[in-house]
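**Q** Following is a predicted model, sequence given first.
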Amino acid sequence: MSNVILKNSAINVVNLEKSVTTQEGTLTILNGINLDVKQGESVAILGPSGSGKSTLLGLLAALDTPTSGEIWLDGVALSKLNEEQKAALRKQKVSFIFQSFMLVDTLTALENVMLPAELAGVRNAKDKAQAMLTRVGLSHRLTHLPKQLSGGEQQRVAIARAFICEPKVLFADEPTGNLDSVNGHKIADMLFELNQESHTTLILVTHDLLLAKRCQRQLVMDNGHLQEDNSASLRDAETLADTKEA
Ligand SMILES: Nc1ncnc2c1ncn2[C@@H]1O[C@H](COP(=O)(O)OP(=O)(O)OP(=O)(O)O)[C@@H](O)[C@H]1O
Ligand SMILES: [Mg+2]
């Protein structure tokens, strides 16, 4: 594939497959995935539990290796990189909000958020981390360890950590899954602000149709296959949103 086609692509995926070996034999989790996401685009990935959404996100973010196929992240073919180069690429360009948060247990909320900024050599990492935690409503929890935080608070720390380096691409796996509607709304607003102000590409896995509807594109994962979604459920979500706003 020529570089011209990939020029404005944040993510380009061709014929991606992911299979794993289980006790019952080979399990194909992702099958024949093709995808092109432009820089600055916002994309929602919907689909039932177990359909392969988190697996796809992990592959796109260079956290996992596909069985076959190719992924270009910001024009770089991931199959050409060794683990060290992948780590460097992630540090430089990618943030990830994990479904299970993945905070460092032994670090406080503030230290967790500071960590990627310090690794990237950002000056005033501490002040930035504090400001970011204030933005997600956690200025009163800076010195708490993850185990001293509620699920929704841990999720907001993970979100603050993902935002601190203004990534080129932000992967968010159910970023509002543990939040009440007020906090969920606030976090969604932050995601789209980052998308618009910093031109961050947003790839969002969510079960929330209203959040999905705020993205420019909606894709649905079904048993390892990915396709654009123009279904009635999304149109219903739009109607619901209009009713709520009225
Ligand atoms: N390493 C693995 N070995 C075996 N099976 C796996 C492995 N990783 C994922 N799976 C299986 O692949 C399927 C897809 O998992 P994945 O986590 O991507 O689903 P998901 O769409 O994110 O679901 P959810 O909405 O529940 O988070 C699941 O059935 C899971 O059990
Ligand atoms: Mg998942």
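**A** Thanks, I have the structure now. Ligands and ions are numbered 1, 2, ... in the order given.

**Q** Residues of this structure that sit close to ligand 2?
**A** Proximity of the chain to ligand 2 (C-beta under 5 Å from the ion) is limited to residues S54, Q99. No exception for glycine: its C-beta is placed from N, CA and C like everyone else's.

**Q** could you redo the last one with a cut-off of 6 Å?
**A** Taking C-beta under 6 Å from the ion as the criterion, the chain approaches ligand 2 at residues K53, S54, Q99, D173.

**Q** pLDDT weak spots in this protein?
**A** Along the chain, segments meeting pLDDT under 70 span 1-7, 232-246.

**Q** can you pull out the helices in it?
**A** For the chain, the helices defined by DSSP state H cover 3-6, 53-60, 83-93, 109-119, 125-135, 151-163, 181-197, 209-214, 232-245.

**Q** how about the closest residue to A77 other than its chain neighbours, what does it touch?
**A** Take A77 and drop its neighbours on the chain: the residue closest to it by C-beta to C-beta, 6 or more residues apart in numbering is E70, 5.9 Å away. The contact partners of E70, by C-beta atoms under 8 Å, 6 or more residues apart in numbering, come to V13, V14, N15, L16, A77, L78, S79.

**Q** gap between E70 and L81?
**A** 12 Å (C-beta to C-beta, to the nearest Å).

**Q** The spatially most central residue of the chain and I71, how far apart?
**A** Centroid check for the chain by C-alpha atoms, centre = their mean gives F171 as the closest residue, at 1.6 Å. Separation of F171 from I71 (C-beta to C-beta): 12 Å.

**Q** so what sits against both of those two?
**A** Contacts common to F171 and I71, judged by C-beta under 8 Å, 6+ apart, are L60.

**Q** Which residue does the protein have closest to ligand 2?
**A** Taking C-beta to the ion, ligand 2 has its nearest neighbour within the chain at S54, 3.1 Å off.

**Q** OK, contacts around the spatially closest residue to that residue that is not a sequence neighbour?
**A** Ranked by C-beta to C-beta, 6+ apart and with sequence neighbours excluded, the top spatial neighbour of S54 is D173, at 5.5 Å. Residues in contact with D173 (C-beta under 8 Å, 6+ apart) are K53, S54, L57, F96, I97, F98, Q99, V205.

**Q** Next: P146.
**A** Going by C-beta under 8 Å, 6+ apart, P146 touches F101, L103, V104, D105, L107, A109, N112, Q154, V157.

**Q** right, and the second one touches V157 too?
**A** Yes: the pair formed by L103 and V157 meets the contact definition of C-beta atoms under 8 Å, at 5.9 Å.

**Q** More neighbours: these two, which one.
**A** Using other C-beta atoms under 10 Å as the criterion, L103 and V157 rank with V157 on top: 27 against 23.

**Q** ok now do that one, which residues does it touch?
**A** F101, L103, A109, N112, V113, L133, V136, L138, P146, L149.

**Q** excluding its backbone neighbours, what's nearest the second one?
**A** Distance criterion C-beta to C-beta, 6+ apart; nearest residue to L103, sequence neighbours excluded, is P146 at 4.3 Å.

**Q** Distance-wise, check the one you found relative to F96.
**A** In this view, P146 and F96 are 16 Å apart by C-beta to C-beta.

**Q** need the residues of the chain near ligand 1, please.
**A** With C-beta under 6 Å from any ligand atom as the criterion, the chain meets ligand 1 at residues 20, 22, 27, 29, 47, 49-55, 99.

**Q** what do you get if the cut-off is 5 Å, keeping everything else the same?
**A** Within the chain, the positions near ligand 1 by C-beta under 5 Å from any ligand atom are V20, I29, S49, G50, S51, G52, K53, S54, T55.
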